[in-house]
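**Student:** My questions are about this predicted structure, shown below with the sequence.
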Amino acid sequence: MAPQRRGAPKAEGSGAAERGRPSSTKKDQVPREAQRPWLKTVGLGAGLVLVALLLWNSLGTDDGIAEVLALRGEVLAGRFIEVPCSEDYDGHRRFEGCTPRKCGRGITDIVITREEADRIRSIAEKGLSLGGSDGGASILDLHSGALSVGKHFVNLYRYFGDKIQNIFSEEDFQLYRDVRRKVQLTIANAFGISASSLYLTKPTFFSRINSTEARMAHDEYWHAHVDKVTYGSFDYTSLLYLSDYLEDFGGGRFVFMEEGANKTVEPRAGRVSFFTSGSENLHRVEKVRWGTRYAITIAFTCNPDHGIEDPALT
Ligand SMILES: O=C(O)CCC(=O)C(=O)O
Ligand SMILES: [Fe+2]
């Protein structure tokens, strides 16, 4: 609306400039009348261009040029892009046959079905309905029991004790374990390592993001980061998306940040995106503009000392 208002005075202004002309006869008034619709069209056109630019800015890429690695609408059997490994792994103990020598990023839509994604999303919904951050980003960690509540976290298991069995079922946990195992096999396959050399590590958690303004630092999920730097133990990061870009939410695309052209992954329920966790895979999540975005971050380490167990009800 505002740009259109800005367009109108432009046409008015041109008229005012014409009023300054030395003489005005009936003869030259006719062409000036004829010019007005033309000027209005130009003004309106400029306004529309401005509106389009503003919309493009708010809906589209806020990082400059971006190439799409995976569109929401496509079903990828597997896409893998190798990138040179960073030196980040050198600062940690090496586990030959596991610590990345081959680095890169992969996406697959056929490892986890949309039905499984729906079921796992309902686990996230159940858990997160018990709490939720005041800001836009809530997490639920079934391993540690951490759940966002207001500006803090509570421990779900401590808080609910035995009553936790009225919230989650054994099938829920079985599904979670199955999904973890399938993602682990996918990563091992793509990077040519043995699945048994990988250990689940923390934090592995559900995230629920909406467009509510951030209240706390941990609501600010959109900053560019390197998982190995942020979380230490991560060697391979995976994300399982549980909702659909532009159907369930807007914004919220995943972006690999690269000089020249960023690479985006559009979330799709059941889509698994995985990558080596060093700075060869600097990334961020775009701000969610509307709706609710669900995902799970599932992380693996090569260091058995940093391994964690699957969550269990008892
Ligand atoms: O949810 C996503 O797409 C990415 C989350 C992420 O970068 C992280 O958990 O470290
Ligand atoms: Fe990350």
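**Tutor:** Great, that's in hand. Predicted model, so just to flag it, every value in this text is computed and none were measured. Numbers count the residues shown, from 1 in each chain. Ligands and ions are numbered 1, 2, ... in the order given.
**Student:** Surely Ser194 is in contact with Ile187?
**Tutor:** No. The criterion here is C-beta atoms under 8 Å, and Ser194 misses it with Ile187 at 11.0 Å. C-betas here are computed from N, CA, C, even on glycine.
**Student:** Of the two, which one has the most company?
**Tutor:** Using other C-beta atoms under 10 Å as the criterion, Ser194 and Ile187 rank with Ile187 on top: 23 against 9.
**Student:** Report pLDDT for the more buried one.
**Tutor:** Per-residue pLDDT puts Ile187 at 98.
**Student:** Equivalent analysis for His218, please.
**Tutor:** We note a pLDDT of 85 for His218 in this prediction.
**Student:** Wasn't it part of a helix?
**Tutor:** Yes. Counting by DSSP: H, G, I helix; E, B strand; the rest coil, His218 is located in a helix.
**Student:** Name the SS class of Gln165, please.
**Tutor:** Taking three-state DSSP as the rule, one finds Gln165 in the helix state.
**Student:** same deal with Phe275?
**Tutor:** Under three-state DSSP, Phe275 falls in the strand class.
**Student:** what about the nearest residue to it once chain neighbours are set aside, distance to Ala70?
**Tutor:** Residue nearest to Phe275 in three dimensions, not counting chain neighbours: Arg105, with 3.8 Å by C-beta to C-beta, 6 or more residues apart in numbering. In this view, Arg105 and Ala70 are 10 Å apart by C-beta to C-beta, to the nearest Å.
**Student:** next one: phi and psi at Thr230?
**Tutor:** phi -70, psi -40 (degrees, to the nearest 10).
**Student:** Could you give the number of residues near it?
**Tutor:** Count around Thr230 with other C-beta under 10 Å applied: 12.
**Student:** quick one: the host helix or strand of the residue nearest to Phe275 near ligand 1?
**Tutor:** Taking DSSP states H and E as the definition, one finds Arg105 inside strand 103-108. No. Using C-beta under 6 Å from any ligand atom, strand 103-108 stays clear of ligand 1, with a minimum separation of 11.7 Å.
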